[in-house]
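K.L.:
Sequence and predicted structure, then a few things I'm wondering about:
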Amino acid sequence: MQTKNVTRADLLELLNVSEKTLRNKISGTTDFTWSEAKKIRNTFFPDQDYDKLFEQLPKQ
């Protein structure tokens, strides 16, 4: 998301969720719903594959 300059504020506005909820979704504590995943992809990353966009990266 950083390469496309998508901010947490952008996601909060798009998804209409609390900061805590968004933080939990980004960290993998809770999952994005299919509806949320579609909104994110269609709004910010229409050229990206869902699997690639939402893959879990290893924690560093």
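P.N.:
Noted; the coordinates are in hand.
K.L.:
can you give me the strands in the chain?
P.N.:
Using DSSP state E, no strands are found in the chain.
K.L.:
just the helices in it please.
P.N.:
Under the criterion DSSP state H, the chain carries helices at the ranges 8-15, 19-27, 34-44, 50-53.
K.L.:
Can I get those helices in CSV including mean pLDDT and mean neighbour count?
P.N.:
Bear in mind the C-beta positions are built from the backbone N, C-alpha and C, glycine included. Formatted as CSV, these follow (pLDDT from 0 to 100; neighbours: other CB atoms under 10 Å):
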stretch, mean pLDDT, mean neighbour count
helix 8-15, 97, 14
helix 19-27, 95, 13
helix 34-44, 96, 14
helix 50-53, 86, 10
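K.L.:
residue contacts, residue 50?
P.N.:
37, 41 (CB atoms under 8 Å, 6 or more residues apart in numbering).
K.L.:
Give me the distance between it and residue 9.
P.N.:
To residue 9, residue 50 is 23 Å away according to CB to CB, to the nearest Å.
K.L.:
Next: residue 22.
P.N.:
The gap separating residue 22 from residue 9 is 10 Å, by CB to CB.
K.L.:
now residue 44
P.N.:
Distance, residue 44 to residue 9, by CB to CB: 13 Å.
K.L.:
do the same with residue 19
P.N.:
As for residue 19, its distance to residue 9 is 10 Å (criterion: CB to CB).
K.L.:
Can you report how many residues neighbour residue 33?
P.N.:
11 (other CB atoms under 10 Å).
K.L.:
For residue 48, grab phi and psi.
P.N.:
phi -100, psi 150 (degrees, to the nearest 10).
K.L.:
how about the closest residue to it other than its chain neighbours, what does it touch?
P.N.:
Here the nearest residue to residue 48 in space, its sequence neighbours aside, is residue 41; by CB to CB, 6 or more residues apart in numbering that works out to 6.3 Å. Contacts for residue 41 were tallied using CB under 8 Å, 6+ apart; they are 48, 50, 53.
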